[in-house]
Structure formats: C-alpha cells, structure tokens
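# Have a look; sequence and predicted model below, questions after that.
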Amino acid sequence: MLHRVEGIVIRSMDYGEGNAIITLCTENAGKVGVLVRGAKKVKSRHAALIQLFTVGEFVFFRNNGGLGTLNAGEITKSHHPLRQDLIKAAYASYACELLDRVLHDEETGNFWFRQLTACLNALEEDKEPGIIINVYEMKILQAAGYGPELDACVVCGADKPDDQLRVSARLGGVLCRSCKHQDPPAMEITPRALKLLRVFARLDLTRLGNVDVKAETQAELKKIMRAFMDHQLGLKLKSQSFLDQLDKYNI
C-alpha cells in the first residue's frame, strides 16, 4: 500500500551498501521507519531527504506494517542552520532522540509532531536553547503521563507558600515543609524557578516567545528538569551525554 505523510526525520542510519533507514515522526501516522535505497550514493536524488531534522512529504510503499520503502519525497524545511551550529545541533539531536525513545511505533503523532516542529523552529530562531528544551521536556513528561505536580504538595495536597516548597523528582512534584521528610534528597527550589516551571506546564511550545532568564535560574531549571527526566523516564541518551560534555567544557 502506498502512503503519503508529512514527517520529520528523527533518526537516520546507514543500511547496506549505499542505503539508509530513516525514522519519521509524522503528523498523522505516528512513528514510521522507511528504507531509502541508494540514498548514500553520489548524486542520489534522495540524499537530502535522509538528513536529521529534515521536514518533508514522504511517499513510501509498505505492506502490513513494518519497514516502508521510499518512492518519492519533497523537502518542506531542511533545518540546515541547525546542522551547521554545534550547540543547536546538539539540542536538536536530543529533542529527536528523546522523542524517538518515548514515541511508540504507530502511536498517534499529531501532538508530538507539533511539539517537535515548534522545538526545532525555536532553536533555529535563536531562542534560548536551554529554555526551549526545558519546555519540550515538560511536554514529553506530561504526554507520557508523568507531568509533575507543581501547584500543591504531591503528598498531602496542601497549597503552601512558595518559599516553603521543595521539589521531589522521585515523588513527581513539590513538597511542603511538613512533608519534606517523605523525600530527604528533595531539592530546594526558588520562587522564580517554580513560577517558570508552572508556566512551562501550562504553555504549548508552539506559543513560546523570547524568554529572558538569568543564568543561575536556567541552571536551577536544568537541574530540576534533568532530575524529573532521569527519575520518571530513566532513559540513557547519547545526545544527553554529549550535551553534558558541552556543559563540562562550557561550550
């Protein structure tokens, strides 16, 4: 059966001699794998279609699920600037790998497609990459059913003053002073960081504007969101390790 989908290349790997297999996050068909024959050969008309972050219309043949075979394709947006910039490429790769690991084959992909599209566009538009990724991670957690409780104590449900709260990645939300013994390693959180996390939880990434956040608050947000991702999803991502290396050397 012939399929025509709009999709984003979230993974690309060599296959055999001169071929490639791409994984697409599609708007209406979820995540699909497509074999692109001859894509790695010189002067291949499909060479540009297999590049990571590429958005396009893909026409492929597939019988009874499984891997499709590309018939034709047309690029809608190449996102070439993301591949030219080390920092942008690192964050964009993380966004794609994270989605690839979370999204199941054939799972309805409209929400994921819109969020990834917004993420890649924002990175290309020079918005703050750390904030973009934090919002994106929040959307991933929420869609996967692990969105943190940020408006009331996750244990007792009490609504306490913000300066008395801690945040527990293990329990999945904020803790009031009376309940902090439930998770002694719970992190302190500043009112500013908590306010931003609440904004992230309510914000659709497609509506993200330019956000000016102090460096120390960005560092706090990154630490908290990383803890939530590690505890709630427990994924080991190559792209995350690379981002950690960039941080280590202050690149």
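Cool, got the structure. Please read these numbers as outputs of a predicted model, since none were measured by experiment. Residues are numbered from 1 along each chain as shown.
# neighbours around residue 55, how many?
Counted with other Cβ atoms under 10 Å, the neighbours of residue 55 add up to 20. All C-beta atoms are positioned from the backbone trio N, CA, C, and that covers glycine.
# my bad, should have said residue 243
22.
# shouldn't it be in contact with residue 90?
Yes - with contact defined as Cβ atoms under 8 Å, residue 243 and residue 90 form a contacting pair (5.5 Å).
# who touches both of these two?
Residues touching both residue 243 and residue 90 (Cβ atoms under 8 Å, 6 or more residues apart in numbering): none.
# host element of residue 22?
Assessed by DSSP states H and E, residue 22 sits inside strand 19-26.
# Adjacent strands (with direction) for that strand?
In the sheet containing strand 19-26, its partner strands are strand 2-15 (antiparallel), strand 31-36 (antiparallel), by DSSP bridges.
# Who are the contact partners of the nearest residue in space to residue 123 that is not next to it in sequence?
With sequence-adjacent residues excluded and distances taken as Cβ to Cβ, 6 or more residues apart in numbering, residue 123 is closest to residue 88, at 5.1 Å. Residues near residue 88 by Cβ under 8 Å, 6+ apart: 81, 82, 123, 124, 129.
# Could you save those as a markdown table and add columns showing neighbour count?
Putting these into a markdown table (neighbours: other Cβ atoms under 10 Å) gives the following:
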| residue | neighbour count |
| --- | --- |
| 81 | 14 |
| 82 | 23 |
| 123 | 26 |
| 124 | 17 |
| 129 | 20 |
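# Okay, and which of those residues map to helices?
Among the contacts of residue 88, DSSP state H puts 81, 82, 123, 124, 129 in helices.
# For the residues you listed, work out which two are farthest apart.
Spanning the widest gap among these are 81 and 129, at 12.9 Å by Cβ to Cβ.
# what about the protein, any weak spots by pLDDT?
105-109, 250-251 (pLDDT under 70).
# Fine by me, we can end here.
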